[in-house]
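[1] Got a sequence here, can you model it:
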Amino acid sequence: MQFVDATRGYGTVADEFFRTDDGGLSWVETKIPDIGFIERMVFLTPDNGWIAGIHGKDLLVFRTVNGGRDWEESRTTPRQPPQTARDLFFFDQQRGWLTIWNDGDEGAYLYYTVDGGKHWTPDPDLSFQGKYKMANAVRFTSRERGFVFFEGKGQSRLAYTMDGGTHWHTQVLPRLVEDCQLIAGDLVCSVFPGFRLLTLHPK
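    Here you go, the predicted model:
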């Protein structure tokens with residue numbers, strides 16, 4: 001569930017999308033075709049939002065430009081059969097990223113879009129992707145500065161870029177990051193195990 005202001009909000013249950021214009025007093029349902037389960041949702045404005053999920057061997061991302069009344073589908077076939085859309089993030093209405101988990105030990109992969117979600121391209125850097133690597137959250141704090149939190153070789157790690165994803169660097173983290181929110185320029189992340197917060201101050 002996500003609210004963009006005091007009255008307008010959005011939520012999902014399985015393959016159903018709901019929207020409210022009265023602060024949650026009433027909800028309007030929209031069926032999403034093909035998608036088996038809506039796994040991720042993000043809205044940047046009351047009108048512009050995306051949802052992601054899996055259908056068979058395909059990754060599905062839908063975009064709305066009218067607050068969820070209508071949706072445009074984008075379908076991508078990953079290198080390996082995907083299991084779940086782990087995370088979805090948009091910095092602006094054109095630039096977005098998502099991580100997917102694949103079946104078995106095939107690991108996780110990062111995809112990006114530069115056209116609002118119409119087309120998705122796999123990131124070629126395998127230092128934080130592929131077999132036995134599990135990428136969780138992806139966040140960008142600017143067009144150039146981005147972060148992917150992942151687990152590999154039995155360690156919690158961070159991949160970061162300072163040039164929009166052209167080059168990535170990795171470092172070890174003290175704990176496994178599961179999710180992050182961008183708050184006042186900082187990344188505030190929930191970490192495992194237990195209930196802990198890890199705050200990153202991007203420079």
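[2] what bridges to the most centrally placed residue in the chain?
    Against the mean C-alpha coordinate of the chain, by CA atoms, centre = their mean, the closest residue is residue 88 at 1.2 Å. Beta-bridge partners recorded for residue 88 (DSSP bridges): residue 98.
[3] Please name the residues that touch it.
    40-42, 50-52, 61, 96-98 (CB atoms under 8 Å, 6 or more residues apart in numbering). From N, CA and C alone the C-beta is placed, and that goes for glycine too.
[4] Looking at the residues you listed, which is nearest residue 128?
    residue 97 (12.6 Å; CB to CB).
[5] For residue 122, see how far away that closest one is.
    Distance from residue 97 to residue 122, counting by CB to CB, to the nearest Å: 11 Å.
[6] one step back: which one of the contacts of residue 88 is nearest residue 1?
    residue 41 (8.5 Å).
[7] Next one: the closest one from residue 73, what distance?
    Residue 41 is 15 Å from residue 73, by CB to CB.
[8] swap in residue 150?
    Taken as CB to CB, the span from residue 150 to residue 73 is 28 Å.
[9] coming back round to it: need the contacts of residue 88 in JSON lines (columns: distance to residue 191).
    Formatted as JSON lines, those follow (distance: CB to CB, whole Å):
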{"residue": "40", "distance to residue 191": "20"}
{"residue": "41", "distance to residue 191": "23"}
{"residue": "42", "distance to residue 191": "21"}
{"residue": "50", "distance to residue 191": "26"}
{"residue": "51", "distance to residue 191": "26"}
{"residue": "52", "distance to residue 191": "24"}
{"residue": "61", "distance to residue 191": "27"}
{"residue": "96", "distance to residue 191": "24"}
{"residue": "97", "distance to residue 191": "20"}
{"residue": "98", "distance to residue 191": "21"}
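[10] Give me the phi and psi for residue 139.
    Reported as degrees, to the nearest 10, the phi and psi values for residue 139 are phi -140, psi 140.
[11] How many residues are close by it?
    Close neighbours of residue 139, defined as other CB atoms under 10 Å, add up to 22.
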